[in-house]
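Trainee: Pasting the sequence and the predicted coordinates here, then a few questions.
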Amino acid sequence: INIVFWIKYYKLSLKDATEYDDRVPVVNLSIGICYSYLGDYAKSEEYLRQVVKDYSDPIVQNYLGYVLLQQNKNIEEAFRLIASAYKKSPREGSFVDSLGWAFYKIGRYQEAEKYLETAVDLSVSEAVIYDHLGDVYWQNGRHDEAIHQWNHALGMKDTSGELKRDVVLDKIKHGLPKPTVLPYDSEQIESILQSIVPVAAAPAGK
């Protein structure tokens with residue numbers, strides 16, 4: 001798929017759109033997703049913010065929160081957005097994955113593990129979630145299980161555009177160093193987390 005072509009196509013489709021055109025948020029979301037596939041998270045954030053300011057759609061909230069995490073910025077806002085999406089659909093694998101990855105980014109690996117183990121059960125075909133789980137297993141000292149998850153991710157089709165095979169192969173060969181833990185306001189994070197149902201207690205079938 002030529003992602004650059006689709007970005008140009010989507011932007012062209014907005015050329016004559018008015019401020020109140022119903023197409024605008026849908027197209028901006030599509031452009032934001034395309035930029036994330038290219039790894040241009042700053043551009044992705046720009047377009048996703050145009051959507052999320054007018055819509056509280058959980059998919060958009062989760063996507064923007066995850067894009068912020070990928071840039072290692074605005075961790076409290078990222079948690080708030082992802083938690084909001086998760087509250088609306090606590091059995092959506094991508095939302096659970098994002099919440100687990102947010103915990104990973106701030107060095108809370110035990111909590112990250114719980115969410116990411118649930119995420120792979122909910123989204124069994126998402127390679128990047130297995131990659132995330134491998135990372136957190138490694139940081140929790142479960143090295144053999146980490147390598148198993150990374151190998152599993154490599155054997156799957158990546159639909160996110162995020163999985164980098166050379167990076168995963170390097171992790172399998174050399175493991176992972178301790179990552180730089182992002183600074184965060186613990187009071188804000190705890191306040192956000194008080195409003196969500198812990199992953200183990202999320203109601204089934206929702």
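Mentor: In hand now; what should we look at?

Trainee: Who are the contact partners of residue 44?
Mentor: 32-33, 35-36, 67 (C-beta atoms under 8 Å, 6 or more residues apart in numbering). Bear in mind the C-beta positions are built from the backbone N, C-alpha and C, glycine included.

Trainee: what's near enough to touch residue 45?
Mentor: Listed by C-beta under 8 Å, 6+ apart, the contact set of residue 45 reads 32, 64, 67-68, 71.

Trainee: With distance to residue 147 added, can I get the contacts of residue 44 in a markdown table?
Mentor: Supplementary listing: the contacts of residue 44 in a markdown table, determined by distance: C-beta to C-beta, whole Å:
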| residue | distance to residue 147 |
| --- | --- |
| 32 | 34 |
| 33 | 31 |
| 35 | 32 |
| 36 | 27 |
| 67 | 28 |
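
Trainee: circling back to that earlier point, which among the contacts of residue 45 end up buried?
Mentor: In terms of neighbour count (16 or more other C-beta atoms under 10 Å), the buried residues within those are 32, 64, 67-68.

Trainee: Which members of these are positioned in strands?
Mentor: When DSSP state E is applied, the buried ones among the contacts of residue 45 are split such that none fall in strands.

Trainee: which ones are touching the closest residue to residue 133 other than its chain neighbours?
Mentor: By the measure of C-beta to C-beta, 6 or more residues apart in numbering, the closest residue to residue 133 outside its immediate chain neighbours is residue 116, 4.4 Å from it. Taking C-beta under 8 Å, 6+ apart as the definition of contact, the neighbours of residue 116 are 96-97, 100-101, 104, 129, 132-133, 136.

Trainee: try 7 Å
Mentor: Applying C-beta atoms under 7 Å, 6 or more residues apart in numbering to residue 116 gives the contacts 97, 100, 129, 132-133, 136.

Trainee: Now the two most distant members of the contacts of residue 44.
Mentor: Taking C-beta to C-beta as the measure, the contacts of residue 44 span a maximum distance of 9.6 Å, between 33 and 67.

Trainee: returning to what we had before: nearest to residue 87, of the buried ones among the contacts of residue 45?
Mentor: Within the buried ones among the contacts of residue 45, distances to residue 87 taken as C-beta to C-beta reach their minimum at residue 64, with 15.6 Å.

Trainee: What distance do you get for the nearest residue to the closest one once chain neighbours are set aside to residue 156?
Mentor: Nearest-residue entry for residue 64: residue 48, 4.3 Å, with adjacent residues in sequence omitted and distances by C-beta to C-beta, 6+ apart. Relative to residue 156, residue 48 is positioned 26 Å away (criterion: C-beta to C-beta, to the nearest Å).

Trainee: quick one: which of those two has more around it?
Mentor: When residue 48 and residue 156 are compared for neighbours, residue 48 comes out ahead with 27 against 16, by other C-beta atoms under 10 Å.

Trainee: Please point out which parts of the strand or helix carrying the more buried one sit buried.
Mentor: Taking DSSP states H and E as the definition, one finds residue 48 inside helix 41-52. Residues of helix 41-52 classed as buried by neighbour count (16+ other C-beta under 10 Å): 41, 43-45, 47-48, 50-52.
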